[in-house]
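K.L.:
Sequence plus the predicted model coming up.
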Amino acid sequence: MDFEPGGFEQLWADLAPLGRSAASGGYFRQPWTAADSELRAWFVEQAEARGLAVESDGVGNLVAWWGEGDHGVVTGSHLDSVLDGGAYDGPLGVVSGLLAVDRLHARGFEPSRPIGVSVFVEEEGSRFGLACLGSRLATGATTWEQARQLRDRDGIALADAVEQAGLPGAPGRLVEKIGCFVELHVEQGRDLVDRDAAVGVGSAIWPHGRYRFDFTGQANHAGTTRMEDRHDPMLSYAMTALAANKQARLAGQRATFGRLEVTPNGTNAIPSRVTAWLDARCDSDEALVAMVAEIERLATERAGRDGTQLAVTPESVSGAVHFDDALATRLAEVLGGAPVIPTGAGHDAGILAAAGVRTAMLFVRNPTGISHSPEEQASTADCLAGVEALADTLEELAR
């Protein structure tokens, strides 16, 4: 490898314009779109400039390898975003992985195990609704037959989107060569701010899920229908959103309705249907089941009073993930006593851990705690500390 690293600022500047909205400053990096193709090309170019051998599966998951063999030590993250998302969620882990390879090369380190930098597709689930879809397919947690029929908001099937992106579909098992996975990610909260630490080590991921609530009622005229004669699914939804907020606050958990579709969506018409998606996250599997069940019970009772109907469909549910305790302790020591913290955000690392891969996470401080927003940020100094920590981690694991 004779690549001369351009530094964090240069890599970040090269990546920054891709998929960015001029209006909001946020990112629309949905999978299997033009922006996604640009991101993949950027990654392949950067990997090949470093002499890394890039491997791709049929849906676009990528691993760039330094060295050959099995039981590789792999880092990386994702490049896709939520709708109007921030710059750091995902890409920071990919950029840091490439720069960590540069740091190891500059140190003259020769790994005894191959080192890989990965990019998993559709981590956010922003287009096809299933979070961590790329890593689920790569591990076999979701089969291609199950995934290929998923449809986006425009009715496009996932199999067609993959084909239109020039990919063959039917993913392989890239993870079979992964012996250990370490994902670096910007923290999506303020734990590290409160601890005055630039970098932390992950201990666990809270269980979380996405649930579709379909409220159906009777469309009617907004001006001529008496309030007592209405069967309005919007009222059923509105009371459910308030109930979810109350239940989450009482239990110290998380419940969010962030997406809504209304039919016919007219200003002067009572809707016939309201579909809302609940994002629920709790500190235990039991708490998640109990909270969602209580929200559904309260919603059903409200629908009964409104003369509407409710159907609830779980679309994506992930159980609690506890990362390898010995590995987390070891990395915290390597990083000079870095704090070990849990997270309420889902990650590809959680899918790999559930598949039996020895897995860890590193978090980089987020000064505001804001994420999934154009306001998401991290300081350059903390990002560089993250690169150094990741390089130290990879060196420890690939000796």
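P.N.:
Cool, the structure landed. What you see is a predicted model, and the numbers here were worked out from it, not measured in a lab.
K.L.:
and Glu55, what does it touch?
P.N.:
Glu55 makes contacts with Leu62, Val63, Ala64, Trp65, Leu174, as judged by Cβ atoms under 8 Å, 6 or more residues apart in numbering. (Each C-beta comes from the backbone N, C-alpha and C, glycine too.)
K.L.:
Kindly recompute the last result at 6 Å.
P.N.:
Shown in contact with Glu55 (Cβ atoms under 6 Å, 6 or more residues apart in numbering): Val63.
K.L.:
The helix or strand harbouring it: which residues count as buried?
P.N.:
Glu55 is part of strand 53-56 when elements are defined by DSSP states H and E. If you call a residue buried by 16 or more other Cβ atoms under 10 Å, then strand 53-56 has these buried ones: Val54, Glu55, Ser56.
K.L.:
Show me the beta-bridge partners of the nearest residue to the last one once chain neighbours are set aside.
P.N.:
Yep, that's Ser56 we're talking about. If the residues on either side of it in the chain are set aside, Ser56 comes closest to Leu62, at 5.3 Å by Cβ to Cβ, 6 or more residues apart in numbering. Beta-bridge partners of Leu62, counted by DSSP bridges, are Ser56, Val119.
K.L.:
Which residue ranges of this structure form helices?
P.N.:
Using DSSP state H, the helices of the chain run over 7-15, 34-49, 91-107, 133-139, 144-147, 158-164, 191-195, 233-251, 285-306, 325-334, 348-354, 380-397.
K.L.:
Name the residues that touch the longest one?
P.N.:
Outside of helix 285-306, the residues that reach it under the criterion Cβ under 6 Å, 6+ apart are 207, 235-236, 239-240, 243-244, 247, 251, 253, 280, 282, 310, 312, 319-320.
K.L.:
Output it in CSV with nothing but the alpha carbons.
P.N.:
What follows is helix 285-306 as a C-alpha-only set of coordinates in CSV (Å, rounded to 0.1, in the frame of the first residue of the first chain):
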residue,chain,number,x,y,z
ASP,A,285,-37.5,-7.2,25.5
GLU,A,286,-40.2,-7.6,28.1
ALA,A,287,-40.7,-3.8,28.5
LEU,A,288,-41.0,-3.4,24.7
VAL,A,289,-43.7,-6.1,24.4
ALA,A,290,-45.6,-4.7,27.4
MET,A,291,-45.5,-1.1,26.2
VAL,A,292,-46.6,-1.9,22.6
ALA,A,293,-49.4,-4.1,23.9
GLU,A,294,-50.7,-1.3,26.2
ILE,A,295,-50.5,1.3,23.3
GLU,A,296,-52.5,-1.1,21.1
ARG,A,297,-55.0,-1.7,23.9
LEU,A,298,-55.6,2.0,24.4
ALA,A,299,-55.8,2.6,20.6
THR,A,300,-58.4,-0.2,20.2
GLU,A,301,-60.5,1.2,23.0
ARG,A,302,-60.4,4.6,21.4
ALA,A,303,-61.3,3.2,18.0
GLY,A,304,-64.3,1.5,19.6
ARG,A,305,-65.5,4.8,20.9
ASP,A,306,-64.9,6.6,17.6
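K.L.:
tell me the angle of it relative to helix 233-251?
P.N.:
For helix 285-306 against helix 233-251, the angle between stretch directions is 150 degrees (axes from the mean of the first three to the mean of the last three Cα atoms, to 10 degrees).
K.L.:
Just tell me which of the helices of the chain ends up closest to Ile178.
P.N.:
Using Cβ to Cβ as the measure, helix 348-354 is the one of the helices of the chain that comes nearest Ile178, at 7.1 Å.
K.L.:
how far out from the middle of the chain is the closest one?
P.N.:
11 Å (Cα atoms, centre = their mean, to the nearest Å).
K.L.:
what sits against Arg259?
P.N.:
Trp277.
K.L.:
Any chance of the helices of the chain in TSV with mean neighbour count, mean pLDDT and distance to Met227 as columns?
P.N.:
What follows is these, written out as TSV (neighbours: other Cβ atoms under 10 Å; pLDDT from 0 to 100; distance: least, Cβ to Cβ, whole Å):
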stretch	mean neighbour count	mean pLDDT	distance to Met227
helix 7-15	15	95	53
helix 34-49	18	97	46
helix 91-107	24	98	50
helix 133-139	28	95	43
helix 144-147	15	95	44
helix 158-164	19	97	43
helix 191-195	16	97	47
helix 233-251	19	98	10
helix 285-306	17	98	11
helix 325-334	16	96	56
helix 348-354	27	96	47
helix 380-397	21	97	54
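K.L.:
Export those as JSON lines, with columns for distance to Gly125.
P.N.:
Shown next, in JSON lines, are the helices of the chain (distance: least, Cβ to Cβ, whole Å):
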{"stretch": "helix 7-15", "distance to Gly125": "22"}
{"stretch": "helix 34-49", "distance to Gly125": "14"}
{"stretch": "helix 91-107", "distance to Gly125": "17"}
{"stretch": "helix 133-139", "distance to Gly125": "6"}
{"stretch": "helix 144-147", "distance to Gly125": "11"}
{"stretch": "helix 158-164", "distance to Gly125": "11"}
{"stretch": "helix 191-195", "distance to Gly125": "24"}
{"stretch": "helix 233-251", "distance to Gly125": "20"}
{"stretch": "helix 285-306", "distance to Gly125": "17"}
{"stretch": "helix 325-334", "distance to Gly125": "26"}
{"stretch": "helix 348-354", "distance to Gly125": "12"}
{"stretch": "helix 380-397", "distance to Gly125": "25"}
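K.L.:
Kind regards, and thank you for your time.
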